[in-house]
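>>> Okay, here's the prediction I keep looking at, along with the sequence it came from:
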Amino acid sequence: MNARRLIAVDIGNSATKVGWFDDTAERVGTLPRPVATGKFKTGEQPGDGFVAVLPAEASEWQIVSVHREGTRILCDWIAANRPNDVVRMLGCRDLPIEARVDYPERVGLDRLAAAVGANRLRTANRPAIVIGAGSAITVNLIAADGAFEGGTILPGFRMSAEALFGADLLPLALLAPNETPPPLVGKNTEDAIRSGLFWGAVGAVREVVAGISTTLAVSPQIFVTGGDLRQFTQYLGAEGQFVPDLVLSGIAVAAVR
């Protein structure tokens, strides 16, 4: 890293997450943690609340993105509002991790960045599973040697809710990111849908984790990230650990390199 502050950005299909890092990101061997974070809707310009958390000095933006239009809008905003800043778009080869998959360049960069961050947290020579939430829920395997092995992609809460909303007479019932887990037995249609969204996802993730674990010689560590999955962690056994901002921290690891 140079003298500029690092601003890490994860542009997803629905939300853009941003975090800036100070010199603690220079500590090789530890997981960098953002000094401050912000979030806004992908495809919209940042609001005043987001701008307030940004460092005043010249910064370098390092961005992973799965949304081209959202990327264009943010880059235009940076050019207009922070002309002294530098913007760097990251690709799979910029992230310090081997991707042992059919098409590494097609893997969502948020998945790879989270795996980079998890490699700083996991015990050496022990595999890990990283579970993340956004528009989709992903369950990804990191091998004992640190390589990204691929994983499973499931529809996220909103995507599933909107699919059900397409049926006649079913309402749109959404789950807030840190909402208390709904009762298993919903007493009305909306609560029954929320129950299905949450507990169906918990069951699917647990089944995938259990299935992956049976293929491994050593039981994996489990890292959970993303606001929609904070409540998941307690249902994944003693190995489950919630790590906020794991994607942003992974970007910071790549920046140190």
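Arrived safely.
>>> Where do the strands of the stretch 151-257 of the chain begin and end?
For the stretch 151-257 of the chain, the strands identified by DSSP state E, counting those that start in this stretch occupy 221-225, 240-242, in order along the chain.
>>> Any stretches of the stretch 1-150 of the chain with poor pLDDT?
Within the stretch 1-150 of the chain, the stretches with pLDDT under 70 are 1-3, 23-29.
>>> quick one, helices of it?
Under the criterion DSSP state H, counting those that start in this stretch, the stretch 1-150 of the chain carries helices at the ranges 48-52, 68-81, 109-121.
>>> Summarise which helices and strands the first one is packed against.
Secondary-structure packing of helix 48-52 (3 or more Cβ pairs under 8 Å, 6 or more residues apart in numbering; DSSP states H and E): strand 36-41. Any C-beta I mention is one placed from the backbone N, CA and C, and that applies to glycine too.
>>> So which bits of the strand it packs on are buried?
37, 38, 39, 40 (16 or more other Cβ atoms under 10 Å).
>>> Out of those, which comes closest to residue 82?
Proximity of the buried residues of strand 36-41 to residue 82 was ranked by Cβ to Cβ; the top entry is residue 38 with 13.9 Å.
>>> For residue 232, which non-adjacent residue is closest in space?
For residue 232, the nearest residue in space outside its immediate sequence neighbours is residue 224; the separation is 5.7 Å by Cβ to Cβ, 6 or more residues apart in numbering.
>>> Surely the one you found is in contact with residue 233?
Yes. Residue 224 lies in contact with residue 233 (Cβ atoms under 8 Å); the separation is 4.8 Å.
>>> Please identify which of those two sits among more neighbours.
The residue with more neighbours, out of residue 224 and residue 233 and counting by other Cβ atoms under 10 Å, is residue 224; that gives 24 against 18.
>>> who touches that one in this structure?
Contacts for residue 224 (Cβ atoms under 8 Å, 6 or more residues apart in numbering) come out as 130, 131, 132, 230, 232, 233, 236, 240, 241, 242, 243.
>>> Mind pulling up the pLDDT for it?
According to the prediction, residue 224 has pLDDT 95.
>>> That one bridge partners, please.
In this structure, residue 224 has the following beta-bridge partners (DSSP bridges): residue 131, residue 242.
>>> how far away is it from residue 63?
Noted for residue 224: a distance of 24 Å to residue 63, by Cβ to Cβ, to the nearest Å.
>>> Now for residue 50, how many residues are close by?
By other Cβ under 10 Å, the burial measure for residue 50, its neighbour count, is 15.
>>> Would you confirm that it contacts residue 17?
No. Proximity of residue 50 to residue 17 does not meet the contact threshold set by Cβ under 8 Å, at 10.4 Å.
>>> circling back: anything in contact with each of residue 224 and residue 233?
240, 241, 242.
>>> average pLDDT across stretch 245-254?
Model confidence over stretch 245-254 averages 96 on the pLDDT scale.
>>> what's the answer for stretch 191-205, then?
Averaging pLDDT along stretch 191-205 gives 94.
>>> In PDB, could you pull the C-alpha coordinates for it?
This file holds the C-alpha atoms of stretch 191-205, laid out as PDB (Å, rounded to 0.1, in the frame of the first residue of the first chain):
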ATOM      1  CA  ASP A 191     -45.200 -15.200   9.200                       C
ATOM      2  CA  ALA A 192     -45.400 -18.600   7.500                       C
ATOM      3  CA  ILE A 193     -43.500 -17.300   4.600                       C
ATOM      4  CA  ARG A 194     -40.900 -15.700   6.900                       C
ATOM      5  CA  SER A 195     -40.500 -19.000   8.700                       C
ATOM      6  CA  GLY A 196     -40.000 -20.800   5.400                       C
ATOM      7  CA  LEU A 197     -37.400 -18.200   4.200                       C
ATOM      8  CA  PHE A 198     -35.300 -18.400   7.400                       C
ATOM      9  CA  TRP A 199     -35.600 -22.000   8.500                       C
ATOM     10  CA  GLY A 200     -35.600 -23.300   4.900                       C
ATOM     11  CA  ALA A 201     -32.300 -21.500   4.400                       C
ATOM     12  CA  VAL A 202     -30.900 -22.700   7.700                       C
ATOM     13  CA  GLY A 203     -31.800 -26.300   6.800                       C
ATOM     14  CA  ALA A 204     -30.300 -26.000   3.300                       C
ATOM     15  CA  VAL A 205     -27.100 -24.500   4.600                       C
END
